[in-house]
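Novice: Predicted model, plus sequence, below.
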There are 2 protein chains.
Amino acid sequence: MYYFLGPKSEQRAFLEDVLSLVVNDHVYWRRNFHPKDPPTLSFPDLKKAEADQFRETFYQELFSLISDLKLDVPFFSPRYMAHIISEPSLPGLVAYMATMFYNPNNVSYEASTVTIQYELEVGQQLAALFGFDSERSFGHLTSGGTVANYESLWFHKAAKFLPVAMRFAYEAHSLTVPDDLSGDYWELMNVLPQQLEALWESFAQQMMLLEHQPVEEMRKHSPTGMGERAFWEKVSSVWGRCTHEPVVLLPKTAHYSWQRAAGVFGIGQQRFLSVPVDRRFRMCPEGYQQMLERCRSEQIPVLETVSVVGTTEFGSLDNLVDLVAVRDASAKQGLVSPIHVDAAFGGYFATMFQEGEQPLDPSLQALLDQPHMKEGEKVFSAIRHCDSVTVDPHKMGYAPYGAGAFVLRDGFLRHFVSQSASYCFDQRTGEDGAHLGQYILEGSKPGAAAAAVWFSHRMIPLNTDGYGKLMLGLCAQATQFYQLINKVNERLEDAPFCFVPVNAPSINVVGLLVLDKAASTVSGNNALNTFLIQRFGVRDVESIQQYDYLVSHTSLSVNSAFASEHAQIAKLTQDSEGLDVLRFVFMNPWTEKEAQNGATYQADFLERLIEECYRFLQKPPS
Amino acid sequence: MYYFLGPKSEQRAFLEDVLSLVVNDHVYWRRNFHPKDPPTLSFPDLKKAEADQFRETFYQELFSLISDLKLDVPFFSPRYMAHIISEPSLPGLVAYMATMFYNPNNVSYEASTVTIQYELEVGQQLAALFGFDSERSFGHLTSGGTVANYESLWFHKAAKFLPVAMRFAYEAHSLTVPDDLSGDYWELMNVLPQQLEALWESFAQQMMLLEHQPVEEMRKHSPTGMGERAFWEKVSSVWGRCTHEPVVLLPKTAHYSWQRAAGVFGIGQQRFLSVPVDRRFRMCPEGYQQMLERCRSEQIPVLETVSVVGTTEFGSLDNLVDLVAVRDASAKQGLVSPIHVDAAFGGYFATMFQEGEQPLDPSLQALLDQPHMKEGEKVFSAIRHCDSVTVDPHKMGYAPYGAGAFVLRDGFLRHFVSQSASYCFDQRTGEDGAHLGQYILEGSKPGAAAAAVWFSHRMIPLNTDGYGKLMLGLCAQATQFYQLINKVNERLEDAPFCFVPVNAPSINVVGLLVLDKAASTVSGNNALNTFLIQRFGVRDVESIQQYDYLVSHTSLSVNSAFASEHAQIAKLTQDSEGLDVLRFVFMNPWTEKEAQNGATYQADFLERLIEECYRFLQKPPS
């Protein structure tokens, strides 16, 4: 695992050499642009008192900055098993730094001749990873997964209302409405994406014959142009007030930013409907089917279904195979819903199932053959049947922040959000470089982030030679930790507490509830776990030496399937809504190595955890 | 100007030393965390064939990356006078790099113990710069100005609908509606921000007595909770369908991202109303007054007014003094509009009017005393009467991308967008660090960007000792260039073309139309300017040595006050909507220095421009 600087900065010499190369190369690039132009700062200038003062202040302030930073959390260490955060990879770090000297802005070709192409290439690589046709899709980077999720609503909303808007536009121009757009509101809100393109092209042709700009004409009759209220009043006047505005379906495990998106996009939080999750925290296909059934019978359109591949809490993978089947069956009955896959966290795990050129280590190969990994493989290969994906290179891609990504299977949908006058659709997205800014929510964007992701993908292939191997290693560590918990638990028979792992890891996350055997209430049990959370959490420290291990935590609903189906937990009096649990994310490839006392970090941690449990319960082990 | 590496990398040695210090310091930080834990990569590991192969590939790929980057645009050079982009400052660059090694994520304290505090400090510094009470305001960083502008709509929308939502909530709980909320729709949509807080507190108290969470209860009855359609149907049922949904007022010069925001937030592009601009491209206070008057007489509420301080095209500064006066007069008559100042570009120019400790260079002092600078000073000091500001540290703050910022004068408004259960308002924002993610649109955010801005503000004070001096120098260069154009123009009396500066610079931008004296149509004149735009624009080159000067361009509406009031332009037959014009942004403090031929870059460029005009018109100078 040479991808990282390492917990002891093992690759220090290499990093220094590479950075020195990057700086020197850039320096000579500048010097060679019109080399005979005189310098703006001469040697005498650089010796002036003012220059000395600048440097003196710089060093002083810099020392202050880097001394502050020393109180930052040691994400690089195998002793950190807390959040989805790590040290960035060397390729990501070095490419980001190299590009920063050039300072490109990936909003248009004029401000970024090189890195905007990188960004579109990365978009195509991710599209291919998820099984989309990379020539037809549109993928690009965002500042993070939250913005990518917003974009899913933005694109799918534009597409969802397109038929109604075209219908209104035809009528406004007193043109014959084509048969396919002559249906009622329900039919227009349930046009398949693959039909949209032809409908649009014929609309565009007619508008152009009338010398109108088609996107503008369409937009005049869409919520985007009219505003929500005027649009809905028009719908009411045409089809009656009983028509329903669309909803968004998503599992209870969806990230909190989706609730925020509901407000931002005017859809309303009450129209974001939660689908139940099973005891493995995966959206229930049955629940989804019932929800779709209800929507269909009440004629409530679905703007999009959000499925989570890699939940923030425990890394659960929604059962996309079944969800897609449910969605497709529903479409046959007239309810069409795009599926957006929120794989901000989980996306890079798809690389585990892309075979590289090198043979895999036998233990990793064996892991791949286990049933839960086979199950995961099916999930990832079902993404191709979905409509868009969020994936964060700054999470499992180990790129520096902020690098999220959004991939849209039907790239032509991007034109419906654009402010431009473009109406001739070119299926290839490669030529969009000059105009990327038209199709995205953000304005300025660091070209350095694009270079970091692009270079990471060059150095760490998106298959089992690269990321796949790395991800498999993390899954192996999580599985190992899970097994270790179970093994250690056997020793705790007579202890006043025991360990309840919350999930068998699907990827690299393990949840752990410590049960206080004497506690009869949820809050009573929380007391122990809260103590442990504080003991092993980020806190105000005077030096990071005060940390031995760092873990994270989450709250598990007492109404979750997991809690209510667990005999011991179900017995607790529910005097609180949530059970505090410990949460371990394995981002660091080294937790199975040995710490200074010879035990592995995982084993050593569990010993300390046991000690702390005894300490809290004030009953030393006999 | 020691803030930059310099066009010839003059400060190379200093940069290398500083970076080496940063890397080493970080390396030893890692090593000293549990120093006795063994290394994960041993020396023998680092000598394995696999390690060699990794490094070999790394160098090869890195050489490829940095050779690609050499085709990037030379933003660092005084020969680049095109867009609002430059080399980043050394403080910004170095602090960003130093912090990247630590990889903090500024979404919560747990992922960023240090840089989230920096971010909130920067928010307070910017609030103070604009004359807000930094204890009461809420400022933070975004990925860029576009997201900051979205946030203005998000916060002001939540605040605008707050009285209606509280009224509905009171009624839903069968509580007496307080007198201040008993008015009709129009009155509720025109509550002054300073009255909101007391109304909210009394609402929150009553909800808590009923053991309800106030923000949740309020939201249930707001567009955020209900969705736009249901909300408006409720409004219609209570106050009749003739009630109007709010509009947004903004000048024609506003950035294109505002149109996008209109769609995203469900307000509708047709409800974003353009206020005319004067011949200096500033929003007309008279036009604004008429627009407000119309809104008031038709009882159309105003969600917010967007004023631009530093337009993208020519750096115009809206006359905020008069706009605020118009807004305040309107408020007295019952129409209340927050003003959001889009100072993404112009914000840092406020530092020119903050006196530092050092005496200013006499030429800069003289510039400050000129009437147009006095006018600018009034604009910036009127920001204190506005409600929120967008400012981009990655523009005139010379921070690396992406660093925008949003500053909200009444910080307590942030609670109305939060997903949290917080209801006890603490006026101080300093304690929000742990929860910053709740009050912002984005999820993950680079702590490195916060450190870069924070460190830049330490090294380059926000007054005439630092940024102020830098900005004044740029204004001086733009003024000098403007004067030079006029002077050169005197020589062109017998030439087949002449120069028409589009604006006397308010800040650091100059627009230039070259008039082809023989052209009788707009398109005919555009032919010459398009040629010049291509000649001096970013294009496909094999080496950047093919660039001598780089300038940008924009399109000037033939209907603009400037065009129609200009005798020669007005004579042109309007066979095209826009006049192509050259645009110069002075970001680089060195354009008045001498190029290799002894002329200043500015003068040298103008000579080449003249040559190219003759070449295009095929009439060599006599």
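Specialist: Yep, it's here.
Novice: How about the contacts made by residue A:339?
Specialist: Under the criterion of Cβ atoms under 8 Å, 6 or more residues apart in numbering or on different chains, the contact partners of residue A:339 comprise A:304, A:305, A:306, A:307, A:320, A:323, A:324, A:327, A:385, A:386, A:387. Backbone N, C-alpha and C define where each C-beta goes, glycine included.
Novice: one more time with 7 Å, if that's ok
Specialist: With contact taken as Cβ atoms under 7 Å, 6 or more residues apart in numbering or on different chains, residue A:339 is in contact with A:305, A:307, A:323, A:324, A:327, A:386, A:387.
Novice: what about the third one, helix or strand, and which?
Specialist: With elements taken from DSSP states H and E, the one containing residue A:323 is helix A:320-332.
Novice: so how far is the helix or strand that that helix is followed by from its chain's centroid?
Specialist: The C-terminal neighbour of helix A:320-332 among helices and strands, as given by DSSP H and E, is strand A:339-342. Averaged C-alpha coordinates place strand A:339-342 at 10 Å from its chain's average position (Cα atoms, centre = their mean, to the nearest Å).
Novice: From the contact counts, what lies against the very next helix or strand once past strand A:339-342?
Specialist: Along the chain past strand A:339-342, the next helix or strand (assigned with DSSP H and E) turns out to be helix A:362-368. Counting by 3 or more Cβ pairs under 7 Å, 6 or more residues apart in numbering or on different chains; DSSP states H and E, the packing neighbours recorded for helix A:362-368 are helix A:467-490.
Novice: For the helix it packs on, what does the pLDDT average out to?
Specialist: The predicted model assigns helix A:467-490 a mean pLDDT of 97.
Novice: Quickly run through the sheet partners of the next helix or strand after that helix, with directions.
Specialist: The C-terminal neighbour of helix A:467-490 among helices and strands, as given by DSSP H and E, is strand A:497-501. Its sheet considered, strand A:497-501 pairs with strand A:509-516 (antiparallel) by DSSP bridges.
Novice: Show residues contacting the helix holding residue A:323.
Specialist: Under the criterion Cβ under 7 Å, 6+ apart, residues A:192, A:283, A:285, A:288-289, A:292, A:296, A:305, A:307, A:337, A:339, A:378-379, A:382-383, A:385-386 lie in contact with helix A:320-332.
Novice: And it, what's buried?
Specialist: Applying a neighbour-count criterion of 16 or more other Cβ atoms under 10 Å in any protein chain shown, one finds A:320, A:322, A:323, A:324, A:326, A:327, A:330 buried in helix A:320-332.
Novice: which two in those residues are spaced the farthest apart?
Specialist: Farthest apart among the buried residues of helix A:320-332 by Cβ to Cβ are A:320 and A:330. That separation is 14.9 Å.
Novice: what angle do the helix ranked longest in chain A and helix B:145-172 make?
Specialist: In terms of residue count, the longest helix belonging to chain A (DSSP state H) is helix A:145-172. Per axes from the mean of the first three to the mean of the last three Cα atoms, to 10 degrees, the angle that helix A:145-172 makes with helix B:145-172 is 80 degrees.
Novice: what's the helix or strand that helix A:145-172 is followed by in contact with?
Specialist: Along the chain past helix A:145-172, the next helix or strand (assigned with DSSP H and E) turns out to be helix A:185-188. The set of residues external to helix A:185-188 that reach it, using Cβ under 7 Å, 6+ apart, is A:163, A:164, A:167, A:181, A:235, A:239, A:243, A:299.
Novice: picking up where we left off before, return the closest of the contacts of residue A:339 with respect to residue A:150.
Specialist: Each of the contacts of residue A:339 was checked against residue A:150 using Cβ to Cβ; the closest is residue A:387, at 15.4 Å.
Novice: Excluding covalently adjacent residues, which one is nearest to the residue in the stretch 451-600 of chain A positioned nearest to chain B?
Specialist: Nearest residue of the stretch 451-600 of chain A to chain B (Cβ to the nearest Cβ) works out as residue A:596 at 4.1 Å. Among residues not flanking residue A:596 along the chain, residue B:36 sits closest, at 4.1 Å (Cβ to Cβ, 6 or more residues apart in numbering or on different chains).
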